[in-house]
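Peer 1: Below are the sequence and a predicted model for it; my questions follow.
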Amino acid sequence: MSNKLLIMPYYGKFPNYFQLWLERIKKNLELELLLVTDVNLDNYNVEAPNIHIMTKSIDQLRQMIEKVTGSKVNLNKGYKIKDYFPLYGEIFSEYIEDGSYEWW
């Protein structure tokens, strides 16, 4: 297990090179990927020890952000998630514990 974690919320259609990107992540065993999405991944090969999928709707993610910020969040479009990037450590803190990831 790595101590480097890439947290990637993604909502919407994946780009056509997404599987190639996943293959690159699979080969970099020094990196863990937490992909947070509501996209159906049946057409992609995501099986790897360093790739972890968290299925959350955008509404569930909004609720997680509101829990951290303590205020209402306007999150209707997937691209607005990037606005909360500085808070990812707090938003996903219950899944990240002392470098041992607890989401699986």
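Peer 2: Ah, there it is. If you're wondering where the values come from, they're calculated on a predicted model, not measured in any experiment.
Peer 1: any idea how far residue 64 lies from residue 79?
Peer 2: Distance of residue 64 to residue 79, computed by C-beta to C-beta, to the nearest Å: 17 Å. (C-beta placed from N, C-alpha, C; glycine too.)
Peer 1: ditto for residue 68
Peer 2: 20 Å.
Peer 1: again, but for residue 21
Peer 2: 18 Å.
Peer 1: Who has more neighbours out of those two?
Peer 2: residue 21 (12 against 8; other C-beta atoms under 10 Å).
Peer 1: Remind me what the helix or strand where the more buried one lies packs against, helices and strands.
Peer 2: Under the criterion of DSSP states H and E, residue 21 resides in helix 18-27. Helix 18-27 is packed against strand 51-55, with contacts defined by 3 or more C-beta pairs under 8 Å, 6 or more residues apart in numbering; DSSP states H and E.
Peer 1: buried residues in the strand it packs on?
Peer 2: Buried residues in strand 51-55, counted by 16 or more other C-beta atoms under 10 Å: 51, 52, 53, 54.
Peer 1: Next, format the residues you listed as a markdown table and append pLDDT and distance to residue 92.
Peer 2: Output for the buried residues of strand 51-55, formatted as a markdown table (pLDDT from 0 to 100; distance: C-beta to C-beta, whole Å):
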| residue | pLDDT | distance to residue 92 |
| --- | --- | --- |
| 51 | 94 | 16 |
| 52 | 92 | 11 |
| 53 | 93 | 13 |
| 54 | 92 | 8 |
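Peer 1: And for residue 16, the neighbour number?
Peer 2: 7.
Peer 1: Could you do residue 12 as well?
Peer 2: Applying other C-beta under 10 Å, we find 12 residues neighbouring residue 12.
Peer 1: all strands of the chain, in order?
Peer 2: 5-10, 32-37, 51-55, 96-97, 100-101 (DSSP state E).
Peer 1: For the ones you listed, which has the smallest mean pLDDT value?
Peer 2: Mean pLDDT per stretch puts strand 100-101 lowest among the strands of the chain, at a mean of 54.
Peer 1: Touching the helix holding residue 21 from outside, list them.
Peer 2: For helix 18-27, contacts defined as C-beta atoms under 8 Å, 6 or more residues apart in numbering pick out 6, 31, 33, 44, 45, 46, 48, 50, 51.
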